[in-house]
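[1] Here you go, sequence then predicted model.
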Amino acid sequence: MSICLYIIDPEKYIEAGKVSEVKRTNTFIIEDCPALWELADSCAKLYNKLNFERRQAYIRYRRFEYPKHLYEKYAPLIGSATAQQIINKNNEAWRSFLALKRLEAEGKLPEHIKKISMPRYWKRNGKRELRIIVRKDCYKIDDEYIYLPRGLKLKYKGMLRWKGKQGRLEIVYDELDEVWRDFMAVEVEEPPARGGSKPLYIDLGVINLATIWFEGLKQPIAYSGKAVLSDWWYWTGKIAKEQSRLARVNRARTSKKLRKLYRIRQKRFRHAVNVMVKAIVEYAYKLGISKIILGRLGGVRSKSRNNSKANAMINNFWSFSYIIRRFKEKAEEYGMEVDEKSEYRTSSICPRCHSEDIITRGRLLKCLSCGLEANRDAAGVLNIGYLHGGSVNRVVAHPLLLRWNGMRWEPKRTVNNQSMKALEARISRL
């Protein structure tokens, strides 16, 4: 069973007098079927041929007309509605590409986009990527089966997390896990906004993935990233060994095993992050908190460090954008707002007297003006709260530390009472 949740379009235009809706995606696995392979292969052929003609027209400055000849050729094979959906999918890709080119010409291209390329083909490692796109009114799903065009009735594994008006269905063959994954778009009613004005402050980092505090909380709560980082290094070592083996045996750069190792490392990290985000947002919801203020750390990747391990942590392990996105997605489910604020120098200012005359050593901070000694992450989240409207009544030296045990986040004292086992045994491969 595999259930993943993604927000594919977090914004929806709100019309006067109508309920606002947002889109979610149900992800599940369907059983294999020979007819699926034939249908997906024909869909990939149509997309690739269509994309080739559009690329040629763009390169040669020719106007591209509706591909009626391709539609007439593939409609009998995959169905007229599915053929139209494949053409629409390609149109979406090219509209995005042209929009980025216009932004580039105007000098308004986002900083994180360094290069704009034409939409690629549905190909990977010399093979066609098998995909099927089904129009929203051309399939049905119940508690056990999904009914697809061409008379296909297939069992599926998973649970439909979201209920609502169904949208387009995309079926993709995952060659690493050798399963067919379905991505079903669903329109659900947007939850009402939470009342009140009490905010929750979050300081993000590497050693502590997140440190949280709100007004009235006597002790900040920190989610230690040490166990997560240790697990990440463990799988990084396995990846390095496989890369070395490939270079030694046949000088190959990738393999199916190597891609699986990368996926395992990513899934294990994201699982820990998702459990953390879920716990924080649900905790905030129960407390009646209406807004989450996240410290936005800018320029952390722009600084080069002499320590290669530190560079690997910052550039590869620390998925800052993913953590931010998951907080926004989860908070939206509970009607809470997420606001990003700069946390520049918040870990280098005394949270009691706000003096900058401090010294730091590791994760500790000492103020030379008032003598306060505190954890830097605790000081950082308290300063974020102070700078954005919070009132700090009490400062503690150390936050309550929660550690990841592979399944859940628990207090340090609870984890220490457990018998130690091999890391690989304690945490499942997901």
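    Right, received. Where do you want to start?
[2] Report the buried residues of the helix or strand where Ala279 lies.
    Using DSSP states H and E, the element containing Ala279 is helix 256-286. Within helix 256-286, the residues that count as buried by 16 or more other Cβ atoms under 10 Å are 258, 261, 263-265, 268-274, 276-277, 279-281, 284-285. Quick note: C-beta positions are derived from backbone N, CA and C, even for glycine.
[3] Give me the distance from it to the chain's centre.
    Here helix 256-286 is found 9 Å from its chain centre; the criterion is Cα atoms, centre = their mean, to the nearest Å.
[4] Quick one: the strands in the stretch 201-350 of the chain, in order.
    Listed from the start of the chain, the stretch 201-350 of the chain has strands (DSSP state E, counting those that start in this stretch) covering 208-214, 221-224, 291-296, 337-342.
[5] name the helices or strands packed onto the longest one?
    Other helices and strands packing on strand 208-214, by 3 or more Cβ pairs under 8 Å, 6 or more residues apart in numbering; DSSP states H and E, are strand 199-204, strand 221-224, helix 256-286, helix 376-387.
[6] wait, which of the ones you listed is closest to Leu50?
    Of all the helices and strands packed on strand 208-214, it is helix 256-286 that lies closest to Leu50, at 27.5 Å by Cβ to Cβ.
[7] That closest one vs strand 208-214, what angle?
    When axes from the mean of the first three to the mean of the last three Cα atoms, to 10 degrees is applied, the directions of helix 256-286 and strand 208-214 differ by 10 degrees.
[8] okay if I get the helices and strands packed on strand 208-214 as JSON lines plus mean pLDDT?
    JSON lines is the format used below for the helices and strands packed on strand 208-214 (pLDDT from 0 to 100):
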{"stretch": "strand 199-204", "mean pLDDT": "89"}
{"stretch": "strand 221-224", "mean pLDDT": "91"}
{"stretch": "helix 256-286", "mean pLDDT": "93"}
{"stretch": "helix 376-387", "mean pLDDT": "82"}
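[9] Indicate which one of the ones you listed is closest to Ser355.
    Ser355 sits nearest to helix 376-387 of all the helices and strands packed on strand 208-214, at 11.7 Å, using Cβ to Cβ.
[10] any idea which helix or strand comes after that closest one?
    strand 400-404.
[11] What strands line up against that following strand, and which way round?
    Sheet pairing for strand 400-404, assigned by DSSP bridges, gives strand 221-224 (parallel), strand 409-411 (antiparallel).
[12] Could you identify which of the ones you listed is most buried?
    strand 221-224 (a mean of 24; mean count of other Cβ atoms under 10 Å).
[13] now the end-to-end length of stretch 201-211.
    End-to-end distance for stretch 201-211, by Cα to Cα, to the nearest Å: 8 Å.
[14] do the same with stretch 130-138
    Taking Cα to Cα, stretch 130-138 runs 19 Å from one end to the other.
[15] Nearest to Cys138 among the strands of the stretch 201-350 of the chain would be which one?
    Nearest of the strands of the stretch 201-350 of the chain to Cys138, taken as Cβ to Cβ: strand 337-342 at 36.2 Å.
[16] the helices in the chain, which residues?
    34-59, 68-78, 80-106, 226-249, 256-286, 308-312, 320-333, 376-387, 412-416, 423-426 (DSSP state H).
[17] Could you dump those helices into a markdown table and include distance to Asn125?
    A markdown table is the format used below for the helices of the chain (distance: least, Cβ to Cβ, whole Å):
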| stretch | distance to Asn125 |
| --- | --- |
| helix 34-59 | 14 |
| helix 68-78 | 24 |
| helix 80-106 | 20 |
| helix 226-249 | 14 |
| helix 256-286 | 9 |
| helix 308-312 | 26 |
| helix 320-333 | 25 |
| helix 376-387 | 43 |
| helix 412-416 | 42 |
| helix 423-426 | 28 |
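[18] Quickly list what Asn208 is bridged to.
    Legend: beta-bridge partners of Asn208 under DSSP bridges are Ser224.
[19] Let me see the confidence value for it.
    Per-residue confidence (pLDDT) for Asn208: 87.
[20] go on, Glu21?
    With respect to pLDDT, Glu21 scores 72.
[21] quick one: it and Glu189, what's the gap?
    Counting by Cβ to Cβ, to the nearest Å, the gap from Glu21 to Glu189 is 6 Å.
[22] list residues touching both of those two?
    Listed as contacting both Glu21 and Glu189 by Cβ atoms under 8 Å, 6 or more residues apart in numbering are Gly164.
[23] between the two, who's got more neighbours?
    Ranked by neighbour count (other Cβ atoms under 10 Å), Glu21 and Glu189 place Glu21 first, with 16 against 11.
[24] Quick check: the more buried one touching Pro191?
    No: counting by Cβ atoms under 8 Å, Glu21 stays clear of Pro191, with 11.0 Å between them.
[25] before we move on, the earlier item: so for Lys49, which of the helices and strands packed on strand 208-214 sits nearest?
    helix 256-286 (27.1 Å).
[26] That closest one packs against which elements?
    Secondary-structure packing of helix 256-286 (3+ Cβ pairs under 8 Å, 6+ apart): strand 199-204, strand 208-214, helix 226-249, helix 320-333, strand 400-404, strand 409-411.
[27] May I see the ones you listed organised as JSON lines, with distance to Pro34 added?
    Putting those into JSON lines (distance: least, Cβ to Cβ, whole Å) gives the following:
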{"stretch": "strand 199-204", "distance to Pro34": "48"}
{"stretch": "strand 208-214", "distance to Pro34": "45"}
{"stretch": "helix 226-249", "distance to Pro34": "33"}
{"stretch": "helix 320-333", "distance to Pro34": "37"}
{"stretch": "strand 400-404", "distance to Pro34": "43"}
{"stretch": "strand 409-411", "distance to Pro34": "45"}
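[28] who touches stretch 72-79?
    Stretch 72-79 is contacted by residues Leu39, Ser42, Cys43, Lys45, Leu46, Ala83, Ile86, Ile132, Cys138, Pro149, Arg150 when judged by Cβ under 8 Å, 6+ apart.
[29] gap between that stretch and the chain center?
    Centroid displacement of stretch 72-79 relative to its chain, using Cα atoms, centre = their mean, is 36 Å.
[30] any low-confidence regions in this structure?
    Within the chain, the segments meeting pLDDT under 70 span 1-20, 194-196, 297-317, 389-397, 412-430.
[31] so how far is Lys267 from Met276?
    Met276 is 15 Å from Lys267, by Cβ to Cβ.
[32] Quick check: which of the helices of the chain is buried the most?
    The most buried one of the helices of the chain (mean count of other Cβ under 10 Å) is helix 376-387, showing a mean of 26.
[33] What is the neighbour count of Arg161?
    Using other Cβ under 10 Å, Arg161 has 15 other residues around it.
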